[in-house]
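Asks: model this:
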Amino acid sequence: MAFPSLRHVGSAAVLLGVLSACSLVVVGSDVQCEKDADCLARGFAGATCSAQSVCVGGGACKVNADCPDQNGGPSICRKSDHSCVPLLSADCPRILAKGADAAKNDDAIILGTIFSLKGVNQASGVSRTNSAELAASEIEENIVGLPGGTGGKPRPLIFVACDDSSDNTVATRAAQHLKDLGAPALIGPGGSGLVTAVAQNATIPSGQFLMTPSATSTSLTAFNNLVWRTAPSDVLQAVALRDQISALEAKFKVDNPSVTKVKLTIVYQNNTYGTGLLDAMTKGLTLNTLPVGDPGNSGYFKNSSYDATTLDPTTVAGQVATDKPNVIVLVGTSEIITKLLVPVEASWPASGTPRPLYLLADAARKQEALDATKGNDPLRLRIRGTVPGTSNPLFAALNVRYQGRYSATAAVFGMAGAYDSVYLLLYGMAAIGAQPITGASLATSMAKMIGGIKVDVGPDGFKTAIPALGSGNAIDINGASGPLDFDLTAHEAQSDIDVWCIGKDGTQSPIFSSSGRYYDATQQQMNGTVSCP
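Replies: Numbering: from 1, shown residues only. Alright, predicted model coming up:
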């Protein structure tokens, strides 16, 4: 009988067992067995041979090297039941950086990301995933992984990148796959509604730690000790939005002296993000010198929602085009540009009715907004927006490294937070030390991220942070997304809120540009003057 090459066989006893079984068993390939006896011969008592020629069930493996490739990628031996589990799935199609090379290392720590890799928010989701990959690559290239591996070697980190397709069911399924891999923590998803669904249906019940870089809904403040965010609550963004609604009201009246009362419309997704931001920005909002809800503003203020599941504001767009408001606030993602702003502009009368001024919340700061203004300077100059974070030096440094790796700029909200989150997980695990890495222990370790030695995220921080945390000391981490001064009760970091507009680069292409006005989280007030190019 002829035998194929035997790779990575763990011991002479296993080899003899394989030979005595006289069947095709190639460790490390997609073929592991032909019958149940092959699994027993390999020492996997209780495992059976599946139709895919893989030993499954209890006792199917002892170490990662026992597990063949599956789903186009490596598998690991799950410690809880000694079953081989593929790292990749239909919802989790990618391993970041060189993590796949470490899959046979039994000291490897599995972690995950969940962002939109498909669907309407694919561009921002891929950008956030890439930012996490950049941080993972810096860890691989500089320190390999977390201290404490066998023989004093580092423990590599393997980040499995998953998709949420902007769908709660898909996002929850991806989180459950990461749970099956034994991942103690994940980064994402991007939207507040997705975070809520994933946390309630997957990560909290399984005890996983969740860090989101871009979910801003007020409902997530102090939501659960296992749910944290680098993004600030929309309570802060609402301050900047109210400031700019008043500014645009004044601008419209100056540009159109015959208008004495301004009509305002707010369009929002009917989910935790949209409703939370609507409530936050309308508290204390004035319009035409009166509280926005005052009877004197009857006929001058309207808010309209659209379904966050279908992401189709077409019907609302028709109503907005009919109402012809003077100031329009948009709380949505890519679809609110392509299916509302663009159609409204296209249907607006060529003359006789002044075109509206637009104010976009953070999730609409997407490439679609830039695309809508190409070759249309009048529209470009009528758009402003708000977004957490500022162009601090660490963000600028991240942008240089990101551009060098991906030939693009780190312009999407949440990219800096995703990058920071990888470092936070690394340092959180370093603070845990020899204790088991769990969601609960990671949540506790967040107290070690404030009040200690100053550390900037990025490759230069390793030599300071790791020894300090290993000695039981705290660090005070400063992120590319801003100062990560976490509120340990709210489980979130405050941030400045930038007011942006759309300028032009050297080729006359539209780019997002800081206006010079911003909410200062430290001083808790608006500062600066708007100066849009």
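
Asks: Remind me what the longest strand seen in the chain packs against, helices and strands.
Replies: Counting by DSSP state E, the longest strand found in the chain is strand 510-520. Applying 3 or more C-beta pairs under 8 Å, 6 or more residues apart in numbering; DSSP states H and E, one finds that strand 510-520 contacts helix 234-255, helix 367-373, strand 497-504, strand 525-527. Where C-beta positions appear, they are placed from N, C-alpha and C, glycine not excepted.

Asks: quick one: that strand to strand 497-504, angle?
Replies: 160 degrees (axes from the mean of the first three to the mean of the last three C-alpha atoms, to 10 degrees).

Asks: what does strand 510-520 rub up against?
Replies: 236-237, 239-240, 243, 365, 370-371, 373-374, 380, 384, 390-391, 411, 496-505, 525-533 (C-beta atoms under 8 Å, 6 or more residues apart in numbering).

Asks: and the residues you listed, which are buried?
Replies: 236-237, 239-240, 243, 365, 370, 373, 380, 384, 390, 411, 496-503, 526, 530, 532 (16 or more other C-beta atoms under 10 Å).

Asks: related to what we said a few turns ago, next, the angle helix 234-255 makes with the longest strand of the chain.
Replies: Strand 510-520 runs at 110 degrees relative to helix 234-255, counting by the same axes, to 10 degrees.

Asks: Now do the same for Leu157: helix, strand or coil?
Replies: With DSSP: H, G, I helix; E, B strand; the rest coil as the basis, Leu157 sits in strand.

Asks: give me the beta-bridge partners of it?
Replies: Counting by DSSP bridges, Leu157 is bridged to Ile109.

Asks: measure it to Thr150 for me?
Replies: 16 Å (C-beta to C-beta, to the nearest Å).

Asks: separation between the closest residue to Ala222 other than its chain neighbours and Ala443?
Replies: For Ala222, ignoring the flanking residues on the chain, the nearest one in space by C-beta to C-beta, 6 or more residues apart in numbering is Ala490 at 5.1 Å. The gap separating Ala490 from Ala443 is 13 Å, by C-beta to C-beta.

Asks: what do you get for Ala51?
Replies: 41 Å.

Asks: Pick out whichever of those two has more residues nearby.
Replies: Taking other C-beta atoms under 10 Å, Ala51 and Ala443 do not tie; Ala443 has more neighbours (21 against 6).

Asks: Which helix or strand contains that one?
Replies: Element membership for Ala443, per DSSP states H and E: helix 439-445.

Asks: what ranges do the helices span in the stretch 151-300 of the chain?
Replies: 168-180, 192-198, 204-206, 234-255, 272-282 (DSSP state H, counting those that start in this stretch).

Asks: Can you give me the buried ones in the longest one?
Replies: Think helix 234-255. 234-245, 247-249, 251-253.

Asks: tell me which residues in stretch 77-92 are buried?
Replies: By neighbour count on 16+ other C-beta under 10 Å, the buried set for stretch 77-92 is 77-78, 82-89, 91-92.

Asks: swap that for stretch 478-491, sorry
Replies: Using 16+ other C-beta under 10 Å as the test for burial, stretch 478-491 gives 478-486, 490-491.

Asks: now that stretch: how far from the chain's centre is it?
Replies: 16 Å (C-alpha atoms, centre = their mean, to the nearest Å).

Asks: how long is that stretch end to end?
Replies: Chord length of stretch 478-491, first to last residue, is 16 Å (C-alpha to C-alpha, to the nearest Å).

Asks: tell me the mean pLDDT for it?
Replies: For stretch 478-491, mean pLDDT rounds to 93.

Asks: before we move on, back to that, distance check, the residue nearest to Ala222 against Pro393.
Replies: In terms of C-beta to C-beta, Ala490 sits 26 Å off from Pro393.

Asks: same check, this time on Leu442
Replies: For Leu442 relative to Pro393 (C-beta to C-beta), the value is 28 Å.

Asks: So if I had to pick from those two, which one is more boxed in?
Replies: Per other C-beta under 10 Å, whichever of Leu442 and Pro393 has more neighbours is Leu442, with 23 against 10.

Asks: and the more buried one, what is it in contact with?
Replies: 184-185, 209, 425, 428-429, 432.

Asks: Highest neighbour count among these?
Replies: Counting by other C-beta under 10 Å, top hit in the contacts of Leu442: Leu425 with 28 neighbours.

Asks: now that residue: how far from Ile143?
Replies: Applying C-beta to C-beta, the value for Leu425 to Ile143 is 14 Å.

Asks: again, but for Ala215
Replies: Ala215 is 29 Å from Ile143, by C-beta to C-beta.

Asks: The two: which has the busier surroundings?
Replies: The neighbour comparison of Ala215 against Ile143 (other C-beta under 10 Å) goes to Ala215, with 31 against 15.

Asks: I'd guessed the more buried one sits against Ile187; true?
Replies: No - Ala215 is beyond contact range of Ile187, at 11.3 Å (criterion: C-beta atoms under 8 Å).

Asks: And for Phe115, nearest residue in space, chain neighbours not counted?
Replies: Using C-beta to C-beta, 6+ apart, the nearest residue to Phe115 is Gly125, at 3.7 Å.

Asks: buried stuff in the helix or strand hosting the one you found?
Replies: Assessed by DSSP H and E, Gly125 sits inside helix 122-142. By neighbour count on 16+ other C-beta under 10 Å, the buried set for helix 122-142 is 122, 124-140.

Asks: Please name every helix or strand in contact with it.
Replies: strand 109-115, strand 155-163, helix 393-406, helix 415-432.

Asks: what's the least confident stretch among the ones you listed?
Replies: With a mean of 92, helix 393-406 has the lowest mean pLDDT of the helices and strands packed on helix 122-142.

Asks: and the angle for it with helix 122-142?
Replies: Put simply, helix 393-406 runs at 100 degrees to helix 122-142, going by the same axes, to 10 degrees.

Asks: Flag every buried residue along helix 393-406.
Replies: By neighbour count with 16+ other C-beta under 10 Å, helix 393-406 contains the buried residues 394-395, 397-399, 401-402.

Asks: Measure how that helix sits relative to helix 415-432, angle-wise.
Replies: Going by the same axes, to 10 degrees, helix 393-406 makes 100 degrees with helix 415-432.

Asks: Work out the gap between helix 393-406 and the centre of the chain.
Replies: Using C-alpha atoms, centre = their mean, the mean C-alpha position of helix 393-406 is found 17 Å from that of the whole chain.

Asks: what does that helix rub up against?
Replies: For helix 393-406, the external contacting residues (C-beta under 8 Å, 6+ apart) are 130-131, 134, 137, 389, 408-410, 415-416, 419, 456-458, 478-481.

Asks: circling back: does the residue nearest to Ala222 touch Phe223 like I think?
Replies: No - contact criterion C-beta under 8 Å: Ala490 and Phe223 do not qualify, at 9.1 Å.
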